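Undergrad: Here is the input, now give the coordinates:
(chains A and B)
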Amino acid sequence: MKAIIVDDEAPARRELRRLLAEFSWLEIVGEVGSIADAAAQIDRLAPDLVFLDIQMPGGSGFDLLAQLEHVPRVIFTTAHDEHALRAFEVNALDYLLKPIDPRRLSGALARLKGATTPRAPQAEGALEQLFVRDGPRCWFVPLREVRLLTSDGNYVRLSWGRQQPMVGRALAAIEQRLDPKKFFRANRRQIINLDFVESVDLGIGGALHVQLRDGPEIEISRRQARLFRQQTTV
Amino acid sequence: MAEVRTPALRLTPSRAYWTCQLVGWGAYGLARFYAAVLFIPTSWVRLAAEILALHAAALGITHGLRWIATRGRWKSLRLPGLVLRIVASSALAAIPISVATTFMAVDALNNAPIVDAQGKVIMGEGSSPAYRTGVQVVNWTVTFAGWFVLYFVISRLREQQAARLRESELARALQLAELKVLKSQLNPHFLFNSLNTVRSLISSDPSRAQDAVTHLANTLRYTLNSSQDELVTLAQELEIVSDYLEHERARFEERLTTAFEVSPDALGVRIPVMLLQTVVENAIKHGVGELPSGGCVRVRAEVTDGVLALAVANPRPAPPASGTRAGLGLKNAAERLRLLFGGRASIDLDLSVPGVATARIRIPTTP
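TA: Reported below is the predicted structural model:
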């Protein structure tokens, strides 16, 4: 597993590197001291994990995540910003308080290892999660749990459990990074998660009506309906 | 607050007062009614009506007495004067209600004929109306005087309780304020980052780790021991500022450099403790610390025409990263200077040069 350390203080990076030395399965592929460098390095090195300091010169760790195309798993490190982490409402995530307690570090890494192994294999390069910041709230949204993506002006609304967070990107940009076996473009404005399809009904003029679990009924346009039949053998 | 300043002139009574009045007169009335039904051979309806009327009147009379006592500030009187007034006013108030009582059936409760073992009446029976009214006056005077005693005791207890409550609330608010100041003085973000630096240095450079602990201890001790109105010489303050900067250099490494230009005659000038330190902390927190490439913190001090001019200049991000917080620290510093020197000292933050922040402090050399 490849990891990268983002912290503006060199002694802090050295200390974390030293602490991580005993975890041989974790390979530290880089360390960076600023938000701008971090964004470039993460896109270039595509690490699986980022140790991210929250308070950084030129913006917070959250600003970095919002910039990223591909969001890796994140363990936040902070000296005194626990309150900043309360922005995360739904998903529990790991953070480490500096000076880092080695036991807490190994606990966080053990949880991470446990969480990654039983996953279904993903298509190469496909997006696993999105970092979403909506007003004061932040989420890591696992895409396999998103049943519907709806284009809304310059934003995309994710239907995820009971939440409807908005992402400031174009639907087409997200579509390129989605696993095509799982996600299907239903019409001009919507992409559905095939795992959530409950039933399919024939509509007028060759269109299809798809009922999503916990969600609305979506119309698949006539043009896409043929593709849908091929892909799902309905 | 009005209640605190003029407790004796509180004319509108509290809910507790009305509760006590109603419960007190009600309970006393019930007891008298019970005794009357037992001993007086009249219909209970008549007795109930009489007692109700009398006690309603008594409630009204005592309320009037309370009004007089409040207006006359009786609570602040010495004991003999108070006793005299209580007895006199109770006796006066007792006269009309006593006359009324004499014409009622319940009068027999106080003027019942007393019979000896042979059934012969010893006293009470056939006594004159004047005599019976006299007995009623004594009875009502004692009742009203007793009411006064109860009233003063209860209101005194309530005032003491309220004062104690206010005192403990005040003490709590004070403690909270002190705690807040202490917490911000400790600067937890700096503290925990520093400890992290020390942890890192312990393995990589033990002798620098030792130095770092010493600098950190000096900074903390100075912070904790200083009080808001204390003055120190610039030389003392510079010592702690350089200790602090030494420590921050261990954190930021090559990103932080410092430059001091201090004229010798400035060293002896007395300045508010922690003032320069706070400004330098801000220069790092909002300036150098916000820049990926860091920068230099310059401290200048010189004396001209009896005024010490201090300047702390640092590079800053193009738009001030968190202007409100820096503004608050500046406001606190300005308030301290105003309290200590009146209008003769000043502090301001110059952001006119893009990318540079300069804090300027002017303090008279003679306090």
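
Undergrad: any idea which helix or strand carries residue 130?
TA: All of this refers to chain A. Under the criterion of DSSP states H and E, residue A:130 resides in strand A:129-134.

Undergrad: nope, chain B please
TA: Counting by DSSP H and E, residue B:130 is found in helix B:129-186.

Undergrad: Report all helices and strands that the next helix or strand after that helix contacts.
TA: Counting by DSSP H and E, the next helix or strand C-terminal to helix B:129-186 is helix B:188-204. Judged by 3 or more CB pairs under 8 Å, 6 or more residues apart in numbering or on different chains; DSSP states H and E, helix B:188-204 is in contact with helix A:10-20, helix B:206-225, helix B:234-252. Where C-beta positions appear, they are placed from N, C-alpha and C, glycine not excepted.

Undergrad: where's the spatially closest residue to residue B:330 that is not a sequence neighbour, which helix or strand?
TA: Once flanking residues are discounted, residue B:330 sits nearest to residue B:349: 5.6 Å by CB to CB, 6 or more residues apart in numbering or on different chains. Taking DSSP H and E as the criterion, residue B:349 maps to strand B:346-350.

Undergrad: returning to that earlier point: hmm, the residue nearest to residue B:330 is touching residue B:334, no?
TA: No - with contact defined as CB atoms under 8 Å, residue B:349 does not reach residue B:334; the gap is 10.1 Å.

Undergrad: and stretch B:334-344, how far from the chain's centre?
TA: In terms of CA atoms, centre = their mean, to the nearest Å, the centre of stretch B:334-344 is found 26 Å from the chain centre.

Undergrad: wait, I meant stretch B:62-82
TA: Centroid separation for stretch B:62-82 versus its chain: 29 Å, with CA atoms, centre = their mean.

Undergrad: Near chain A, which residues of the stretch 201-350 of chain B are found?
TA: B:201, B:203-204, B:250-253, B:255, B:289-292, B:317 (CB under 8 Å from any CB of the partner chain).

Undergrad: Outline the domain layout of chain A.
TA: What the record gives for chain A is the domain set A:2-116, A:129-232, from automatic domain parsing.

Undergrad: about what we covered before: in the strand holding residue B:349, what counts as buried?
TA: Neighbour-count burial for strand B:346-350, counted by 16 or more other CB atoms under 10 Å in any protein chain shown, picks out B:347, B:349.

Undergrad: Also stretch A:172-183?
TA: By 16+ other CB under 10 Å, the buried positions in stretch A:172-183 come out as A:174, A:177, A:178, A:179, A:182, A:183.

Undergrad: before we move on, the earlier item: I'd like to know which of the helices and strands packed on helix B:188-204 lies nearest to residue B:360.
TA: helix B:234-252 (15.0 Å; CB to CB).

Undergrad: Where does the prediction get shaky in the stretch 151-300 of chain B?
TA: In the predicted model of the stretch 151-300 of chain B, residues B:181, B:184-185, B:228-229 satisfy pLDDT under 70.

Undergrad: quick revisit: possible to save the buried residues of stretch A:172-183 as a markdown table with distance to residue A:228?
TA: Output for those, formatted as a markdown table (distance: CB to CB, whole Å):
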| residue | distance to residue A:228 |
| --- | --- |
| A:174 | 19 |
| A:177 | 21 |
| A:178 | 16 |
| A:179 | 16 |
| A:182 | 13 |
| A:183 | 12 |
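
Undergrad: and those as a markdown table, adding pLDDT, distance to residue A:149 and secondary structure?
TA: As requested, those are arranged in a markdown table below (pLDDT from 0 to 100; distance: CB to CB, whole Å; DSSP: H, G, I helix; E, B strand; the rest coil):
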| residue | pLDDT | distance to residue A:149 | secondary structure |
| --- | --- | --- | --- |
| A:174 | 88 | 7 | helix |
| A:177 | 84 | 12 | helix |
| A:178 | 88 | 8 | coil |
| A:179 | 88 | 13 | coil |
| A:182 | 89 | 12 | coil |
| A:183 | 92 | 8 | strand |
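
Undergrad: about what we covered before: buried residues in the following helix or strand past the strand holding residue B:349?
TA: Once the chain leaves strand B:346-350, the next helix or strand it forms, by DSSP H and E, is strand B:356-364. For strand B:356-364, the neighbour count (16+ other CB under 10 Å) marks B:357, B:358, B:359, B:360, B:361, B:362, B:363 as buried.
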